[in-house]
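K.L.:
predicted model, plus sequence, below.
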Amino acid sequence: MRIFKKKTHNEGANDNKGRLVGYFKRGADTVYRTFKRFPVTILLCAALAGILIYRVETPYEKLANINTMLDRLMAVLIMGIPLSLSVSLFIEKTGKDRYPIYKLVLYAVEIGALVLYYLFLMPDTQLVSMVRLLLVTGALSLGFLFIPFLPNKENFEVYVTRIMSRAVVTSFFAVVLGLGLMAIIFAVKSLLFTDLSENYYAYVWILVLTLFASFHFLSDIPQVDETIGEDQFNKVLKVLLLYIVLPVISIYTVVLYIYFAKIIITQVWPEGIVSYLVVSYTAIGIATIFLVSPFRSQSRWVGIFVSAFTKLIFPLLVMMFISIGIRIGDFGFTENRYFIVIIGIWSSGILIFLNLTRCRRNIVLPVSLAIVALLSVFGPWSAFSVSKASQNQRFYNIAVKYDMIQNGKVTKVTDIDRVDKKEISGILTYFDRTHQLEDLKYLPSGFTMMDMQDVFGFSEFEYVQKDIFFNYRRYPYEPMPITGYDFLFKVQAYKYQYDTDYYSNELLADKGKIKVVIDKDLFIYVYDNDTEVYKSDLKGYIYSIYEKYGTTSNNGNKEDMIYIDDNEKIGVMVSFNNIDGTVGEGEKNLVVSGIEADILIRR
């Protein structure tokens, strides 16, 4: 018979203290082991947190000159996270993690690669640089997943689901912790220190989403020599895949086949949406097949789905290739069309592989996808090189048609067909927005879009599609001297707010009241004691800004954003802070949906 002895108060307190100490020791040990295993990753996350905190803490005017640099640096740091994870797992995979010198050399090479990427491959944050960074980051993330399973380790799919589950759990914990800390800061600010900076809320989320999330996620990454069994497959994800995702994809397949039959019957090919639908559908289907592979032998439903999908998808891929081929034939390659084609080719190759092979070597999927991602952004076969070459050829074909190229340069021709003018305008706009105008051959040195009228004899704005959005800002709002003016009207007017006028307000002074009205046609009126003393057309002035800057949203020149006028009775200065709206073909189709301005009146 056992005799139970009741613990004293001191013994219970000591037990609680011991458990608390043990808890902190285990936590500290987890942090230490995680940092030791992934030191560069943690340091990159800490650097990212430091930059974000610096940007929150520093006034905008002090950041104006270094914002782009910080954006580039942050982008490279984010890319460095999957790179560092891949390097750390590669070290473990090769069994060299016991050799500090070997590790330090690889870490140094890794940091050097990031520095070189920042200097030479990340010159800005424009489309080309960001697309390249995105695909390189994606390829490195895939490397982080498949490196531990090279060359032939089983249950790779289960390992991937374990990583996915860990990411979901980390996200949940991070959100809960962030909200809890925000509640604490709110209580402290409300009850104890009312002047506490609002920036602390931002600091909480920055630290939670960078440092806490990284430590929590990485602390449970399996060791490369750890055995992964099928029983470790996440049960919630299994139910989601088998009973929701597979039926949805099956129904979607039927819908696409009905659409395919409609195209065959009507002989009308869609302009582009079918390509995006089929590519997205194929990618999701392949990913689903990859994840449900462990259940092919266990579930007849899974086996039927995999067997049917890998065969039924080919007619849809053919439809996709025909559709995108028509677009490329008409308008040449662009980055979007290139990626659709390359994803279609990769998908076709993977589906052929899945049909021909009976062995479960699904690691081929992420490895091949990572290689394709890297090849698509580097080299003469990259999306950027192919697209530029294609658009150059389109331009050359049109120019030769009208004998526009003389001595290697474009010359003005007056009898160009309207359709070809629009094509030329579109090609120039593509290079201006996506690459550089210097990448288009045959243009004169220093050519800009403002030179189109002089060089080609027509302007890009003659062929702007209707309802193109534009936005111009004077940002940041700089201090403005108002010496010599009597009244300041601050305008924040939006078209949907008013049935008639954009803006109407009046102020009283010694000499009576002054009233300012901006009507629905964008005429500005000034009334002195109910007598109209000034009228002017703001719409015409706004259109002149549009003619200068086009449809690209940008920061307008400070002088362009200030309109000054007067007459014998009144002086007016309109300092636009923000103008946005849409435009069709010509000034009459200009629709201004919002105006933010300071209107100054002098009697």
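P.N.:
Alright, I've got the coordinates. None of the values given here were measured: they were computed from a predicted structure.
K.L.:
CA only for contacts and neighbour counts going forward, please
P.N.:
OK.
K.L.:
got the buried residues for stretch 251-269?
P.N.:
253, 256, 260, 269 (16 or more other C-alpha atoms under 10 Å).
K.L.:
hmm, I was thinking of stretch 293-305
P.N.:
293-294, 296, 302-303, 305.
K.L.:
quick one: end-to-end distance for it.
P.N.:
11 Å (C-alpha to C-alpha, to the nearest Å).
K.L.:
and that stretch, how far out from the chain's middle?
P.N.:
36 Å (C-alpha atoms, centre = their mean, to the nearest Å).
K.L.:
can you list the neighbours in contact with it?
P.N.:
155, 157-158, 230, 242, 246, 250, 292, 360 (C-alpha atoms under 8 Å, 6 or more residues apart in numbering).
K.L.:
lowest-pLDDT helix or strand in the chain?
P.N.:
strand 554-555 (a mean of 51; mean pLDDT, DSSP states H and E).
K.L.:
buried residues, whichever helix or strand comes after that strand. List them.
P.N.:
Next helix or strand after strand 554-555 toward the C-terminus (DSSP states H and E): strand 562-566. By neighbour count on 16+ other C-alpha under 10 Å, the buried set for strand 562-566 is residue 562.
K.L.:
in terms of secondary structure, what does strand 562-566 contact?
P.N.:
Secondary-structure packing of strand 562-566 (3 or more C-alpha pairs under 8 Å, 6 or more residues apart in numbering; DSSP states H and E): strand 571-583.
K.L.:
avg pLDDT for the strand it packs on?
P.N.:
Summarised as a single mean, pLDDT over strand 571-583 is 81.
K.L.:
and what of stretch 364-374?
P.N.:
96.
K.L.:
how about the CA coordinates for that stretch, as PDB?
P.N.:
These are the backbone C-alpha positions of stretch 364-374, laid out as PDB (Å, rounded to 0.1, in the frame of the first residue of the first chain):
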ATOM      1  CA  VAL A 364      11.800  15.500 -60.100                       C
ATOM      2  CA  LEU A 365       8.900  18.000 -60.000                       C
ATOM      3  CA  PRO A 366      10.500  20.600 -57.600                       C
ATOM      4  CA  VAL A 367      14.000  20.100 -59.000                       C
ATOM      5  CA  SER A 368      13.000  20.600 -62.600                       C
ATOM      6  CA  LEU A 369      10.800  23.600 -61.600                       C
ATOM      7  CA  ALA A 370      13.700  25.300 -59.800                       C
ATOM      8  CA  ILE A 371      15.900  24.800 -62.900                       C
ATOM      9  CA  VAL A 372      13.200  26.200 -65.200                       C
ATOM     10  CA  ALA A 373      12.700  29.200 -62.900                       C
ATOM     11  CA  LEU A 374      16.400  30.000 -63.000                       C
END
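K.L.:
list of residues touching it?
P.N.:
So stretch 364-374 is contacted by 135-136, 138-140, 142-143, 146, 342, 346, 350 (C-alpha under 8 Å, 6+ apart).
K.L.:
give me the buried positions along that stretch.
P.N.:
365-367, 369-370, 372-374.
K.L.:
now residue 302: which helix or strand?
P.N.:
Going by DSSP H and E, residue 302 is part of helix 300-331.
K.L.:
that helix: how far from the chain's middle?
P.N.:
Per C-alpha atoms, centre = their mean, the centroid offset for helix 300-331 relative to its chain is 27 Å.
K.L.:
sorry, back to before: out of the buried residues of stretch 251-269, which is nearest to residue 105?
P.N.:
residue 253 (50.7 Å; C-alpha to C-alpha).
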